[in-house]
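Participant: Pasted the sequence and its predicted model underneath.
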Amino acid sequence: SRYVSGVGTNLLSTIIAGAYQCGIRDFDVNTAYEACLKNELDGENRPLGAGKIDTRYFVEYGYVPHLDKGDGPDEAFMFSASHTLEYAYSAWAVAQWAKQLGKTDDYNRLMDLSKGWERIYDPSCNFVRPKKKDGTFIEDFNPMQVWRGFQEGNAWQYTFYVPHDAKGLVAKVGADVFNHRLDSIFTVSRKLIFSGGTEVGAFAGLQTLYNQGNQPCLHISWMFNEAGRPSLTQKWVRAILNEFYGTDGIHGYGYGQDEDQGQLGAWYVISSLGLFDMKGLTDQAPSFALGSPLFDKITIRLNDRYYKGKEFVIETRNNSKQNDYVQSMDLNGKPLTDTRIPFSEIIQGGHLVLEMGSQPKDGYENYKYELRYIPDPFRLFRDGIRGCRGSCHELCEDGFWFVRHLGEPITHDGLSLVRPVLCPHRYLDGTARA
């Protein structure tokens, strides 16, 4: 196909499947689905560079068996592990589409293939590791080695390439080990500007723990969200945005980078909005993970050809380089406790407000507006609230006080209202509670 990149990999199926899941369906769905299914299962007569040349082995074994030597170009036998991971993800994406179309047999077959990453995961070292036809792992395994089993990367980087089953990977490694290992990787990688330092070259960051300069790593900083530590996603995504990318000549997309088809630039755009989805919106009910936006206000204009909503607004309060952690989230005036937002909510249009702060916070599921009884509320109303930044306070009929935003600490006669006081009768947007 002339529509692929020519680097020997192929994820076109995920683009088409994602479009369908996002409600973009003004194309021949049946023909597109059959093409995507064939792309996942048929490796015959593929032109070199178009990717998936070893698909038949993946389908036969459930993973791509490794060879150190073989016939033809390296992509035909050498990149077994990275191909297995890529094929597992794209199989999963098309499986979700198959299920929605009622194609149960296709769904079951593709879902089995989507577990290919588990077949090459070596629990003895907690790395994905190239595996041979006889089911044994390769000998003399060096997780930092590039090209042997991994195209344009290594096992340190590619072990995290399970975008469709991040929680499964976390469970297999163990959440504490996973978070510690990944946090340590970013701590060390920061010294090399999250790639190959100031070395200029497309492959400068290949033999490193993490490489923002190439596609296989671009989702990894968002994986903390799936391991119960969203604050670490906020921290490291912000750091990459501010340090890897630059505006001066040679330091545009990092010093060493391999930009293909605009993906490094696209990562910057979507991550700076505080939105990302490792699955590429290919889930049956797609959603975005929430991060730490760079901007105080973002307005996303929705395409009226596909969506009823007009715009979705993301607003941050107290946002700064120091305040890069999300403290609370409100969607359309109501508390949001999950670190994911359904795509269906966004396309309806709405308003997401993120209160930012300098301290990391992970437990949004425990976030509730604090209810406090204030004696003599009429005097409080008469005197006003010192420190309030606007007409954001209102008195409820039974003597409770509530504040419409999470601002700076508000005090009155020594009473600290660090969190808003909840009105039991109304939500923050003023609508009545049931």
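Facilitator: It's in.

Participant: Not counting stretch 174-187 itself, show me its contacts.
Facilitator: Contact with stretch 174-187 is made by 126, 156, 160, 169-170, 173, 194, 209-210, 220-221, 223-224, 227-229, 232, 236, 239, as judged by Cβ atoms under 8 Å, 6 or more residues apart in numbering. Every residue, glycine included, has its C-beta placed from N, CA and C.

Participant: For the stretch 151-300 of the chain, which segments count as helices?
Facilitator: 155-158, 166-173, 175-189, 230-243, 263-272 (DSSP state H, counting those that start in this stretch).

Participant: quick check: mean pLDDT across the last one?
Facilitator: In this model, helix 263-272 has a mean pLDDT of 94.

Participant: swap in the shortest one?
Facilitator: Mean per-residue pLDDT for helix 155-158: 98.

Participant: Can you show me the CA trace of it as PDB?
Facilitator: Listed in PDB are the C-alpha atoms of helix 155-158, where the atom choice follows Å, rounded to 0.1, in the frame of the first residue of the first chain:
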ATOM      1  CA  ALA A 155      12.900  -4.000  25.900                       C
ATOM      2  CA  TRP A 156      13.000  -1.200  28.400                       C
ATOM      3  CA  GLN A 157      10.900   0.900  26.100                       C
ATOM      4  CA  TYR A 158       8.700  -1.700  24.400                       C
END
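
Participant: Which elements pack onto that helix?
Facilitator: Helices and strands touching helix 155-158, by 3 or more Cβ pairs under 8 Å, 6 or more residues apart in numbering; DSSP states H and E, are helix 80-100, strand 127-128.

Participant: Could you check how far the last one is from the centre of its chain?
Facilitator: In terms of Cα atoms, centre = their mean, to the nearest Å, the centre of strand 127-128 is found 21 Å from the chain centre.

Participant: what does that strand rub up against?
Facilitator: By Cβ under 8 Å, 6+ apart, strand 127-128 touches 81, 84-85, 117, 120-122, 141, 143, 155-156, 158-159, 161.

Participant: again, 7 Å this time
Facilitator: With contact meaning Cβ atoms under 7 Å, 6 or more residues apart in numbering, strand 127-128 is reached by 81, 85, 117, 120-121, 143, 155, 158-159.

Participant: These: which two are farthest apart?
Facilitator: W117 and P143 (15.5 Å; Cβ to Cβ).

Participant: Compare neighbour counts for the two and give me the winner.
Facilitator: Legend: neighbour count by other Cβ atoms under 10 Å for W117 and P143, higher for W117 (27 against 18).

Participant: ok, that one touching V162?
Facilitator: Yes - using Cβ atoms under 7 Å, W117 is in contact with V162, at 5.0 Å.

Participant: Between those two, which contacts overlap?
Facilitator: Common neighbours of W117 and V162 (criterion: Cβ under 7 Å, 6+ apart): L85.

Participant: Assess the claim that F343 and P286 are in contact.
Facilitator: Yes - assessed by Cβ under 7 Å, F343 is found in contact with P286 at 4.3 Å.

Participant: Identify the contacts common to the two.
Facilitator: C22.

Participant: Now do the strands for the stretch 251-400 of the chain: every range, in order, please.
Facilitator: Remark: strands assigned in the stretch 251-400 of the chain by DSSP state E, counting those that start in this stretch are 251-253, 275-276, 287-290, 297-301, 311-317, 325-331, 334-335, 340-342, 350-357, 393-395.

Participant: want to throw those strands into JSON lines with distance to A76 and mean neighbour count?
Facilitator: Formatted as JSON lines, the strands of the stretch 251-400 of the chain follow (distance: least, Cβ to Cβ, whole Å; neighbours: other Cβ atoms under 10 Å):
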{"stretch": "strand 251-253", "distance to A76": "30", "mean neighbour count": "16"}
{"stretch": "strand 275-276", "distance to A76": "33", "mean neighbour count": "20"}
{"stretch": "strand 287-290", "distance to A76": "36", "mean neighbour count": "22"}
{"stretch": "strand 297-301", "distance to A76": "43", "mean neighbour count": "13"}
{"stretch": "strand 311-317", "distance to A76": "45", "mean neighbour count": "18"}
{"stretch": "strand 325-331", "distance to A76": "46", "mean neighbour count": "21"}
{"stretch": "strand 334-335", "distance to A76": "53", "mean neighbour count": "14"}
{"stretch": "strand 340-342", "distance to A76": "39", "mean neighbour count": "17"}
{"stretch": "strand 350-357", "distance to A76": "47", "mean neighbour count": "19"}
{"stretch": "strand 393-395", "distance to A76": "69", "mean neighbour count": "16"}
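
Participant: Lowest average pLDDT across those?
Facilitator: strand 393-395 (a mean of 43).

Participant: show me the contacts for the residue nearest to N211 when sequence neighbours are not counted.
Facilitator: Sequence neighbours aside, G205 is the residue nearest to N211 in space, at 3.4 Å (criterion: Cβ to Cβ, 6 or more residues apart in numbering). The contact partners of G205, taken as Cβ under 7 Å, 6+ apart, are 195-196, 211, 213-214, 256.

Participant: Now do stretch 31-48: everything it contacts.
Facilitator: Under Cβ under 7 Å, 6+ apart, the answer for stretch 31-48 is 10, 12-13, 16-17, 52-56, 59, 73, 90-91, 94, 97, 101, 106, 110.

Participant: quick one: which of these sit in helices?
Facilitator: Cross-referencing those against helices under DSSP state H gives 12-13, 16-17, 55-56, 59, 90-91, 94, 97, 106, 110.

Participant: of the residues you listed, closest to D26?
Facilitator: Of these, the one sitting nearest to D26 (Cβ to Cβ) turns out to be I16, at 12.6 Å.

Participant: how many neighbours does that closest one have?
Facilitator: Neighbours of I16 using other Cβ under 10 Å come to 21.

Participant: do M78 as well
Facilitator: Neighbours of M78 under the rule other Cβ under 10 Å: 24.

Participant: Name the secondary structure element that contains it.
Facilitator: Secondary structure assignment for M78, by DSSP states H and E: no helix or strand.

Participant: Now it: phi and psi?
Facilitator: With angles defined as degrees, to the nearest 10, M78 sits at phi -80, psi -30.

Participant: how much space between it and Q207?
Facilitator: Distance, M78 to Q207, using Cβ to Cβ, to the nearest Å: 16 Å.
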